[in-house]
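S.K.: Next input, structure requested:
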Amino acid sequence: ATVRQYGRAGLPTMTTEGEAAQPPPDEEHAQIQRDECESLSLIFPDEFTLLSGISLLTATSEDDVSDETMQELLLEDAGRQSLAHPISYSIRLRPPAEEELADASTTLLWPSDQGFALRVTYPPTYPDLPPILSFASRSTDIGTTIDSSSASVRRQLHPIQEEACLAAIYAAAQSELDCGAPCVMTCIGAAKQFFENGGLASSGLHRLADDSLGHILVYLATSADVVETIVDALPVFGAASKKGEVWKQLCRLRWKEKWGFRERWQRAVDDEKAMQHSNDGDPAQRDSFWYERYHWQEEDAKRNVISADDLIGVIFNVRPWFRSPFLQPVHMRDVIPTGLQKSYGFMEFKEAGDFFSKSMRDFTEGPGTVAGGIFRFTPHANDESSTVQLVSGIRDNPFTTHRLDSWGWELRTEVFVMRSIDPRIIPNEWDSPIPRAFFLQALDEMWSDYLDTIVIQEKPEWVERTRGPVFHSSNYREIPDDEDLKSLLPW
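M.R.: All right, here's what the predicted structure looks like:
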């Protein structure tokens, strides 16, 4: 009997020396290989290309049958056809057509070669052994598939990318190989998933050490959310995302936007130095220090209970909630105007438990003290807030404490409200009018969340006269659009 091999369209197919030297599989393995190959040709009719050809056993000699006759026999007598061993074929890998139409950026994750294909060759004992996999470039214009190792084919993947993709494919197929089941369908799915998950972009990163990835992440990470997004998209950054330099950078970027940055940053740097000195510079301790400090600071920023350390040395800008309606034009005196648009003065807390109140002029032009007294704390039972009592002469003004989104502090009474001033906006010198103008502008920006949401509130009918004729005669007031303030601030 004569055995002849025919490739696609009846063209003779060249086989590699390694493939030709392989012994044929036994009947059981051969049947499993034929079944899987035929199934894949039906599942992927447009992507499938048979490379190894078809064998036909005939009772005639090779000289008695022309190529044309042999091709007719192959097509007409399917019962006498058999896939030549070792079976080899390729399946073209492209994103689904609907994805290409819906999102052009999806195709950027895939190899640019439209004929890029996964080449599969069965060893004699497959599926007891894994298939031999490689990548090929399928030339659709001549209907053949050429191995990507050929010098005539422009390489679409870097060797590192090929290695990473094949590693992902074999890892996905391992469970089926362990139980001796065909796995090529799983391999195809794993290859597509590798491309869809950005495997081409990230495969080179696997060769970098965590320290190098950490340096890359320092430049990419602008927030903790960005770090999380990068790790989700590129898991190779998982270990690097815990590096100390990454979280030190995140602390700096995050805190720089918040009140008290200079003091908070210096405190953290000093604590890090002390920690390194006590742990002999252990890198693992440094990594965990900045990671833990970042998250601790995030939780501490939610704290509403104030302490002496939070107050001492801090300067507050004081403003009244309202001004007298008699300061309004006559036709506007039915509206109590807001007092938040103008600074009332400043208050500074000292280590000895004293506080000093200053006017704007005293604060910007001289050290003159207008008033002062002592302060003490009264934490609330629920530990969700506290009261700062300012005692001046016979007056005892309890201020409730609140935390701002800027991480600064706000102290409130029914008449006044004050907010902590970031030391960065207080000029060291007041000789020039420029620092003063900058300072006043920065002060107003501190109150922008209130000033930008001022609304007119109508006095409810149930409000009784409790404040005398000036406020009682007004039926409206200007107030920030905050439901708590609307209900809690008395008329």
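
S.K.: what ranges do the helices span in the stretch 201-350 of the chain?
M.R.: Secondary structure of the stretch 201-350 of the chain (DSSP state H, counting those that start in this stretch): helices at 210-220, 224-233, 244-256, 261-278, 283-300, 308-311.

S.K.: Please identify which of these is closest to residue 44.
M.R.: helix 224-233 (28.6 Å; CB to CB). Any C-beta I mention is one placed from the backbone N, CA and C, and that applies to glycine too.

S.K.: ok, residue 136 to residue 93 distance?
M.R.: 10 Å (CB to CB, to the nearest Å).

S.K.: Likewise for residue 233?
M.R.: 21 Å.

S.K.: So these two - more neighbours on which side?
M.R.: Remark: of residue 233 and residue 93, residue 93 carries more neighbours, 22 against 13, as counted by other CB atoms under 10 Å.

S.K.: pLDDT value on that one, please?
M.R.: Residue-level confidence at residue 93 comes out at 87, pLDDT.

S.K.: That one and residue 126: what is the separation?
M.R.: 21 Å.

S.K.: how about low-confidence regions in the stretch 201-350 of the chain?
M.R.: Where the stretch 201-350 of the chain drops to pLDDT under 70, the residues are 279-283, 330-331.

S.K.: and if we set it to 80?
M.R.: Applying pLDDT under 80 to the stretch 201-350 of the chain picks out residues 201-208, 233-236, 278-287, 308, 325-333, 350.

S.K.: ok, longest helix in this structure?
M.R.: For the chain, the helix with the greatest residue count under DSSP state H is helix 159-178.

S.K.: what residues do residue 136 and residue 93 have in common as contacts?
M.R.: 116-118 (CB atoms under 8 Å, 6 or more residues apart in numbering).

S.K.: Mind checking which of the residues you listed are in strands?
M.R.: 116-118 (DSSP state E).

S.K.: By pLDDT, give me the weakest of those.
M.R.: residue 116 (85).

S.K.: coming back round to it: wait, which of the helices of the stretch 201-350 of the chain is closest to residue 342?
M.R.: Between residue 342 and those, the tightest spacing by CB to CB is seen for helix 308-311, at 24.4 Å.

S.K.: The closest one - contacts with which helices or strands?
M.R.: Using 3 or more CB pairs under 8 Å, 6 or more residues apart in numbering; DSSP states H and E as the contact test, no helix or strand touches helix 308-311.

S.K.: How far away from the center of its chain is that helix?
M.R.: Mean C-alpha position of helix 308-311 versus that of the full chain (CA atoms, centre = their mean, to the nearest Å) differs by 35 Å.

S.K.: Can I get it in CSV? Just the C-alpha atoms.
M.R.: Provided in CSV are the C-alpha atoms of helix 308-311 (Å, rounded to 0.1, in the frame of the first residue of the first chain):
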residue,chain,number,x,y,z
ALA,A,308,-4.9,68.5,73.2
ASP,A,309,-2.3,67.5,70.7
ASP,A,310,-4.8,68.4,67.9
LEU,A,311,-5.3,71.9,69.3
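
S.K.: would you turn the helices of the stretch 201-350 of the chain into JSON lines with distance to residue 176?
M.R.: Output for these, formatted as JSON lines (distance: least, CB to CB, whole Å):
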{"stretch": "helix 210-220", "distance to residue 176": "32"}
{"stretch": "helix 224-233", "distance to residue 176": "28"}
{"stretch": "helix 244-256", "distance to residue 176": "39"}
{"stretch": "helix 261-278", "distance to residue 176": "50"}
{"stretch": "helix 283-300", "distance to residue 176": "39"}
{"stretch": "helix 308-311", "distance to residue 176": "61"}
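
S.K.: Quick check: pLDDT value at residue 458.
M.R.: If you check residue 458, the pLDDT there is 90.

S.K.: re the thing from before, most neighbours of all the ones in strands among the shared contacts of residue 136 and residue 93, which one?
M.R.: Highest count within those by other CB under 10 Å belongs to residue 117, 26 neighbours.

S.K.: and that residue, how far is that from residue 211?
M.R.: Noted for residue 117: a distance of 38 Å to residue 211, by CB to CB.

S.K.: what's near enough to touch residue 313?
M.R.: Residue 313 makes contact with 348-351, according to CB under 8 Å, 6+ apart.

S.K.: Looking at the residues you listed, which two lie furthest apart in space?
M.R.: For these, the maximum inter-member distance is 11.2 Å, found between 348 and 351 (CB to CB).

S.K.: between these two, who's got more neighbours?
M.R.: For residue 348 versus residue 351, neighbours defined as other CB under 10 Å are more numerous around residue 348 (19 against 9).

S.K.: Show the contacting residues for the more buried one.
M.R.: Contacts for residue 348 (CB under 8 Å, 6+ apart) come out as 313-316, 355-356, 358.

S.K.: repeat that with 10 Å
M.R.: 311-316, 354-358, 363, 369, 372, 421 (CB atoms under 10 Å, 6 or more residues apart in numbering).

S.K.: Next one, pLDDT for residue 102 please.
M.R.: 54.

S.K.: cool, residue 360 as well?
M.R.: On the pLDDT scale, residue 360 gets 60.

S.K.: where are the low-confidence patches of the stretch 51-200 of the chain?
M.R.: Judged by pLDDT under 80, the stretches of the stretch 51-200 of the chain that qualify are 53-83, 95-114, 137-158, 160, 197-200.
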